[in-house]
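Peer 1: The sequence and its predicted three-dimensional model are supplied below.
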Amino acid sequence: MKSVRGRIALVVGVALVLSACAGQPEEPEEPLEEKLRRVGNATPGLGPGSAVMAVDAEDENASWMLVAKARGEGPSLDSRMLAQALSQGATAHVRIVVGGPYGGLTRQVVLDAFDLVKEPELPYLTLLFVGPARQARDVKPVVEAVRARFHHAELPE
């Protein structure tokens, strides 16, 4: 009888501990736009008031599908929207933070956007690319070729 009570007490104790742990809500993940805004605010030369464009996909496989689609069918809606914002840098001060968790997709969106820009120079544009350094190396010369300022930062966890 003692061993049965002991086992029941142990099972009840474990169940209570597990239910207490399960009942504690997980801290929600910070939205991508907020992460990008925080990085932009911390970057000298950008600061508060920068436009933010989050480039995201459902998962890494989906991001590569979007890259392939852009290469085959042409620039995405994100690239077209970004191109409009970039173009303003020809005549007005524009600060843009663009990034996301999939560097290849972010790189493709930015490069396609610059291909769509008609203005030969964007001297009032400052662009912060938030993503892996490998992709940033591809973007930097394109940004600097139009006399815009380029910054790079890694996406925080």
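Peer 2: Alright, I've got the coordinates.
Peer 1: Identify the residues contacting the spatially most central residue of the chain.
Peer 2: In the chain, the centroid-proximal residue (CA atoms, centre = their mean) is Gly100; its distance is 1.8 Å. Contacts for Gly100 (CB atoms under 8 Å, 6 or more residues apart in numbering) come out as 32, 54-57, 106, 130-131, 155. C-beta coordinates here come from the backbone N, C-alpha and C atoms, glycine included.
Peer 1: Asp115: which element?
Peer 2: helix 103-116 (DSSP states H and E).
Peer 1: Give me the packing partners of that helix, helices and strands only.
Peer 2: Other helices and strands packing on helix 103-116, by 3 or more CB pairs under 8 Å, 6 or more residues apart in numbering; DSSP states H and E, are helix 60-73, helix 77-87, strand 94-99, strand 125-130, helix 133-145.
Peer 1: for the protein, which spans come out with low pLDDT?
Peer 2: 1-27 (pLDDT under 70).
Peer 1: re the thing from before, out of the contacts of Gly100, which one sits closest to Pro48?
Peer 2: Val130 (16.0 Å; CB to CB).
Peer 1: Burial check on that closest one, number of neighbours?
Peer 2: Neighbourhood size, Val130 [other CB atoms under 10 Å]: 28.
Peer 1: Same question for Leu111.
Peer 2: Residues near Leu111, counting by other CB under 10 Å: 17.
Peer 1: tell me the contacts of the closest residue to it other than its chain neighbours?
Peer 2: Leaving aside its sequence neighbours, Leu111 sits nearest to Val142 (CB to CB, 6 or more residues apart in numbering; 6.2 Å). For Val142, the contact set (CB under 8 Å, 6+ apart) comprises 110-111, 114.
Peer 1: Same list (the residues you listed) but as TSV, adding distance to Ala68.
Peer 2: Below are the contacts of Val142 laid out as TSV (distance: CB to CB, whole Å):
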residue	distance to Ala68
Val110	17
Leu111	14
Phe114	19
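Peer 1: ok, how many other residues are close to Glu60?
Peer 2: Neighbours around Glu60, by other CB under 10 Å: 12.
Peer 1: before we move on, back to that, just the closest of the contacts of Gly100 to Ile96, please.
Peer 2: Val130 (10.7 Å).
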